[in-house]
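A.B. asks: fold the following.
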Amino acid sequence: MKEAATGRPYEWEFRRKAEVLSVPVRGRLTVNDSGSLIGALLGGQGIGQPLEFSVRDLLASGRLVRLLPDWSDERFPVYAYHRSRGLPPARVRAFLDFVFEITV
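C.D. replies: Here you go, the predicted model:
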């Protein structure tokens, strides 16, 4: 992923408890969606930082391996938007509850 203002890739952050390590990255392939990232990883094109819930089965099967497991405390923000007219519909609330459960 690239910063919109600069066009440069975001630094990768590695977290272990309260310790944070920022690492500038560069490479010949930059993607902006998880499907392309996972496809590139499965094709042996390098390393990446996909969200764990999107590769859980691939990790369990051994098709992908976790690097630096002691530095995997990273949490990515998830933003969900809905119309502000009162309470969200039940299906939106159920989706938000689901997303909250898999990201916590």
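
A.B. asks: alpha carbons only for contacts and neighbour counts from here, please
C.D. replies: Fine.

A.B. asks: contacts only, for R66.
C.D. replies: Residues near R66 by Cα atoms under 8 Å, 6 or more residues apart in numbering: L59.

A.B. asks: P9 pairs with what?
C.D. replies: Beta bridges link P9 to K2, judged by DSSP bridges.

A.B. asks: what about it, how many residues close to it?
C.D. replies: 16 (other Cα atoms under 10 Å).

A.B. asks: now swap in I38 and tell me
C.D. replies: Neighbours of I38 (other Cα under 10 Å): 21.

A.B. asks: hang on, it in a strand?
C.D. replies: No: assigned with DSSP: H, G, I helix; E, B strand; the rest coil, I38 falls outside any strand and is helix.

A.B. asks: pLDDT score assigned to it?
C.D. replies: The confidence metric pLDDT takes the value 96 at I38.

A.B. asks: L51 is in contact with that one, correct?
C.D. replies: No: if you go by Cα atoms under 8 Å, I38 and L51 don't touch, sitting 10.1 Å apart.

A.B. asks: the helix-or-strand element of the chain with minimal mean pLDDT: which residues count as buried?
C.D. replies: Of all helical and strand segments in the chain, the minimum by mean pLDDT, DSSP states H and E falls on helix 90-103, at a mean of 84. Neighbour counts using 16 or more other Cα atoms under 10 Å place no residue of helix 90-103 among the buried ones.

A.B. asks: begin at 49, not 1, for the rest of this chat.
C.D. replies: Will do, 49 is the new start, and the previous item becomes helix 138-151.

A.B. asks: the residue nearest in space to the middle of the chain and L135: what is the separation?
C.D. replies: Closest residue to the average C-alpha location of the chain: L99 at 3.2 Å, with Cα atoms, centre = their mean. Noted for L99: a distance of 29 Å to L135, by Cα to Cα, to the nearest Å.
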